[in-house]
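> From the sequence below, what's the structure:
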Amino acid sequence: MDREWLSVEIRSGAVDKQRVDAVVVPMLAGRVLTESGERLRAEGHPAREVIRSFLRRMDITGEFGEIAVLYQVPGTFADRLVFVGAGDARKLSLTRLRELSARVARWLDASGAREAAVYLAELDVRGATIEARLRAIAEGAWLGLYRFDRYKSEPKRPHRPLRSLYAMAPSRRFIRRTEPELRLAEAACKGVWWARDLANEPANVCTPSWLAARAEELASSRTQVEVWDKARLEKENMAGILAVARGSHEEPRMIIIRHQADERAPTVALVGKGLTFDSGGVCVKPAKGMDEMKFDMCGAAAVLGIVRAVQEADLPVNLIGVIGATENMMGGGAYKPGDIIKTAAGVSVEVVNTDAEGRIVLADALHYAAQQHPDAIVDLATLTGACVVALGDQASGLMGNDQALVRALRRAGEATDDRAWPLPMYDEYQEKIKSDIADIKNIGDGGAGPITAACFLSRFVGRHRWAHLDIAGTAWTTRDKPLARKGATGAGVRLIVEYLARLR
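Sure, this is the predicted structure:
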């Protein structure tokens, strides 16, 4: 982490009684104040005339994201009284609340405020409880403050960064009720930060062996980490991973994590694609944008982030994490179009395109996961550019062989804003990956790219309940967003942590 972790607490109390560096009060479009703002404007309050004069000057209209500041307001103890525009009341949602909180946290961080009390929970988000609003405020602040600038000679960091944020509740009874959800959200966001850190590292740092070393940091009394090197992969007939790795001087690794929480708890296997760099192999990618292919291990980063979050939150669920880590390069020994690979599962694969390497690596990883007989398998992978075309950067693709599992994952995604959208897997799609000379080929014969890729993966999970998250469009962003700066986003971490929490 490149900054001190922000402390978020739930508190209650009047806006004019807070002894902090900044108090944040929301304002709806049309300069409509919420409860705290109205308290300051009330008849007889020392701040009344200051607030009325401020509103007349039109420094802020209440449009979403606007910020205006008053200093040393009479009748208050805070150094700054910060008004933040919340926009149209009819458009309020937990998504907007998270984004607003992220904007506020960044502004406070840059302003030199060390402690701040925010009253954003006063915003009436239709259908959302106070507890859900308070959690969203915390999540927005944590996610919005992430940055990755460790390689800058002179990183632009606040001289006095925000240290403590108090999410203000209407009364004290909400403090205890919100605490469990807040701790889960904090663990998930820490997992997101670590996943982002791993994925943002350049490929000359984040090699398969380096990623395996980071995974070993998760080892504890209840978490065992095993790393298979090239020799072990050869012994276990992991021909898919080995084939993709042949063009690189960096040796591949299989990372296996076993987290045992409770013998009676369900066991979920998480499988992550760990291509630490993907040149496309012999079917080389275009030069433009190839630098982003360091992000082709975001599925692996998500798995590691999820395990860390589960440890932090002490969730009663058993995990098996499986990561196939390698590079896909263009060396003299690189695998080629036309090659046939006999995977660990015994399924033969005709290589039509060496840039469809992720599914070949996942084939061995999924097969291993299935051999452990978990209650469910979920894989996360930056698998297809076609999924970016289909869903853009707003949702991950979601497919699987068990509709109850797919629905549960979708609900978890909606609850966390780490959204996923189901795509069909009709039997007819399986025809598209039939090969004339092998059992299957590694790309379809045209169209439905995300689906045919999922059909390929489905051949390696046996009869186990399985779902696939194609995070190619959501794993990183090329522009700053409220909840994620340019770079890795940690997609999939909060979704899966929420899903695991709901298994209780």
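> Tell me the buried residues in the helix or strand bottoming out on mean pLDDT in the chain?
Sorting the helices and strands of the chain by mean pLDDT, DSSP states H and E puts helix 48-56 at the bottom, at a mean of 93. By 16 or more other CB atoms under 10 Å, the buried positions in helix 48-56 come out as 50-51, 54-55. For glycine as for every other residue, the C-beta is placed from the backbone atoms N, C-alpha and C.
> Could you tell me which other helices and strands the lengthiest helix in the chain packs against?
If you go by DSSP state H, the chain has its longest helix at helix 173-200. Applying 3 or more CB pairs under 8 Å, 6 or more residues apart in numbering; DSSP states H and E, one finds that helix 173-200 contacts strand 7-12, helix 130-144, helix 298-313, strand 487-488, helix 493-501.
> show me what contacts Ala325?
Ala325 makes contact with 208, 211-212, 252-255, 274-276, 297, 300, according to CB atoms under 8 Å, 6 or more residues apart in numbering.
> Mind putting those residues into a markdown table with distance to Asp124 and secondary structure?
As requested, these are arranged in a markdown table below (distance: CB to CB, whole Å; DSSP: H, G, I helix; E, B strand; the rest coil):
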| residue | distance to Asp124 | secondary structure |
| --- | --- | --- |
| Pro208 | 50 | helix |
| Leu211 | 45 | helix |
| Ala212 | 49 | helix |
| Pro252 | 53 | coil |
| Arg253 | 51 | strand |
| Met254 | 50 | strand |
| Ile255 | 46 | strand |
| Gly274 | 44 | strand |
| Leu275 | 45 | strand |
| Thr276 | 46 | strand |
| Met297 | 42 | helix |
| Ala300 | 41 | helix |
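> Make CSV out of the buried residues of helix 48-56 and add distance to Val227.
Formatted as CSV, those follow (distance: CB to CB, whole Å):
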residue, distance to Val227
Val50, 62
Ile51, 61
Phe54, 60
Leu55, 62
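> Let me know the closest of those to Gln260.
Ile51 (56.9 Å; CB to CB).
> Now the closest one. Nearest residue, chain neighbours left out?
Arg41 (4.6 Å; CB to CB, 6 or more residues apart in numbering).
> what does the domain assignment say about this protein?
Here the domain assignment for the chain is 7-171, 194-501, based on automatic domain parsing.
> deepest of those, which one?
Compared across those, domain 194-501 shows the largest average neighbour count, a mean of 21 (mean count of other CB atoms under 10 Å).
> Can you get me the start-to-end distance on it?
Taking CA to CA, to the nearest Å, the first and last residues of domain 194-501 lie 19 Å apart.
> Likewise for stretch 5-25?
End to end - CA to CA - stretch 5-25 spans 24 Å.
> Now do that stretch, average pLDDT.
On average, the pLDDT along stretch 5-25 is 97.
> before we move on, what about stretch 494-504?
95.
> can you list contacts of that stretch?
Defining contact as CB under 8 Å, 6+ apart, one finds that stretch 494-504 is touched by 139, 184, 187-189, 191-192, 265-266, 268, 270, 302, 306, 309-310, 313, 315-317, 319, 378, 380, 396, 408-409, 411-413, 415-420, 469.
> Strands of the stretch 151-300 of the chain, residue ranges please.
Assigned by DSSP state E, counting those that start in this stretch, the strands in the stretch 151-300 of the chain fall at 164-169, 223-228, 253-259, 267-278.
> any chance of the helices and strands packed on helix 173-200 in CSV, plus distance to Ala167?
As requested, the helices and strands packed on helix 173-200 are arranged in CSV below (distance: least, CB to CB, whole Å):
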stretch, distance to Ala167
strand 7-12, 5
helix 130-144, 5
helix 298-313, 19
strand 487-488, 26
helix 493-501, 18
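> which stretch among these comes nearest Arg31?
Comparison of the helices and strands packed on helix 173-200 against Arg31 by CB to CB identifies helix 130-144 as nearest, at 21.9 Å.
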